[in-house]
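here is my input, please return the structure:
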Amino acid sequence: MSKDSNSRNDTNATIVTTDQGHIERPKNLLNAISDIQQFYVIEKEGQDIPCEFLTIERTLDFFKIGIKSGFHEGLALALLMPFISFYMLPFILKEPDTFTKILFGSLPYMVLVVNTLLCSYVSRYYVGNITRKSINSLFGGRIMSLITKAFLIYVFYLVLYRISTPERVWELSQYISKNLGLNPKSLYYGYLKIKPYLVPVATESAVLMVVGAVVPYGMVYSLDIWNRYKSKRNERIISAK
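Below you'll find the predicted structure:
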């Protein structure tokens with residue numbers, strides 16, 4: 001009776017396949033998180049998965065997805081931030097109230113915030129060899145991409161601010177007005193109106209991107225330290241008895 005029961009338990013146990021050719025490669029951030037969840041379930045049940053199960057190719061897949069995620073977040077920010085901060089708020093809405101400023105000012109950061117929350121959610125799965133390796137690769141690619149993008153955005157607006165002398169702005173305004181039929185004085189004074197905000201907005205964007213990159217890492221290692229502390233404390237309690 002017990003032998004039959006043991007055989008049934010062995011039959012129903014989770015099986016890890018080592019045939020990498022039949023494992024579907026993750027295509028985006030959600031796919032990567034789903035794979036990490038599956039690794040977590042397997043390792044949490046106590047099944048020992050060799051480190052070699054996650055090959056270099058699969059590790060690079062997670063790293064590339066992290067880079068793509070950071071690139072898309074930075075791209076959305078780079079495109080929406082100047083439109084909202086330097087066009088919508090000063091020229092369309094003109095004198096918006098505090099709620100409108102917060103609402104429109106947060107739009108460029110929505111993709112960054114959502115993906116940061118998703119990555120922070122993954123931190124709870126940082127338990128076994130495979131999940132640790134997967135999460136480190138995913139977060140490593142994302143943090144590298146976001147920090148690089150933050151640096152480029154800050155440098156771009158800093159250089160733009162420094163080269164935007166009144167003479168150059170006026171020459172550019174005249175050139176644009178000739179080709180697009182716009183009023184050069186409106187362009188000139190409009191740009192000088194937003195020029196003082198170039199570096200502050202760029203600094204804010206760069207800082208938030210760095211924070212969005214670092215927060216998931218911080219949560220992962222904080223939870224890992226806490227879990228190790230609890231494990232050692234429980235071992236001391238058991239040994240004391």
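
ok, now which ones touch K133?
By Cβ atoms under 8 Å, 6 or more residues apart in numbering, K133 lies in contact with 51, 54, 59. (Each C-beta comes from the backbone N, C-alpha and C, glycine too.)

pull out the buried members of those residues.
54, 59 (16 or more other Cβ atoms under 10 Å).

tell me which of the contacts of K133 has the lowest pLDDT.
Lowest pLDDT among those: C51, with 71.

what's the neighbour count on I194?
Applying other Cβ atoms under 10 Å, we find 16 residues neighbouring I194.

and if you look at N31?
For N31, using other Cβ under 10 Å, the count is 14.

again with S85
S85: 21 neighbours (other Cβ under 10 Å).

just say helix, strand or coil for it.
Secondary structure, DSSP: H, G, I helix; E, B strand; the rest coil: S85 is helix.

name the nearest residue to it, ignoring sequence neighbours.
V201 (4.9 Å; Cβ to Cβ, 6 or more residues apart in numbering).

ramachandran coordinates for the one you found?
phi -70, psi -40 (degrees, to the nearest 10).

so it touches Y154, yeah?
No. Look at V201 against Y154 with Cβ atoms under 8 Å: they stay out of range, at 10.2 Å.

distance of the residue nearest to S85 from V215?
21 Å (Cβ to Cβ, to the nearest Å).

the two: which has the busier surroundings?
V201 (20 against 15).

give me every residue that touches that one.
81, 85-86, 157.

convert stretch 145-161 to PDB, retaining C-alpha atoms only.
C-alpha atoms of stretch 145-161 as PDB (Å, rounded to 0.1, in the frame of the first residue of the first chain):
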ATOM      1  CA  SER A 145      19.700  50.300 -20.100                       C
ATOM      2  CA  LEU A 146      17.900  52.800 -17.800                       C
ATOM      3  CA  ILE A 147      21.000  54.300 -16.300                       C
ATOM      4  CA  THR A 148      22.500  54.700 -19.800                       C
ATOM      5  CA  LYS A 149      19.300  56.400 -21.000                       C
ATOM      6  CA  ALA A 150      19.200  58.600 -17.900                       C
ATOM      7  CA  PHE A 151      22.700  59.800 -18.500                       C
ATOM      8  CA  LEU A 152      22.100  60.500 -22.200                       C
ATOM      9  CA  ILE A 153      18.900  62.400 -21.500                       C
ATOM     10  CA  TYR A 154      20.600  64.600 -18.800                       C
ATOM     11  CA  VAL A 155      23.700  65.300 -21.000                       C
ATOM     12  CA  PHE A 156      21.500  66.100 -24.000                       C
ATOM     13  CA  TYR A 157      19.400  68.700 -22.200                       C
ATOM     14  CA  LEU A 158      22.500  70.100 -20.400                       C
ATOM     15  CA  VAL A 159      24.300  70.600 -23.700                       C
ATOM     16  CA  LEU A 160      21.100  72.100 -25.300                       C
ATOM     17  CA  TYR A 161      20.800  74.500 -22.400                       C
END
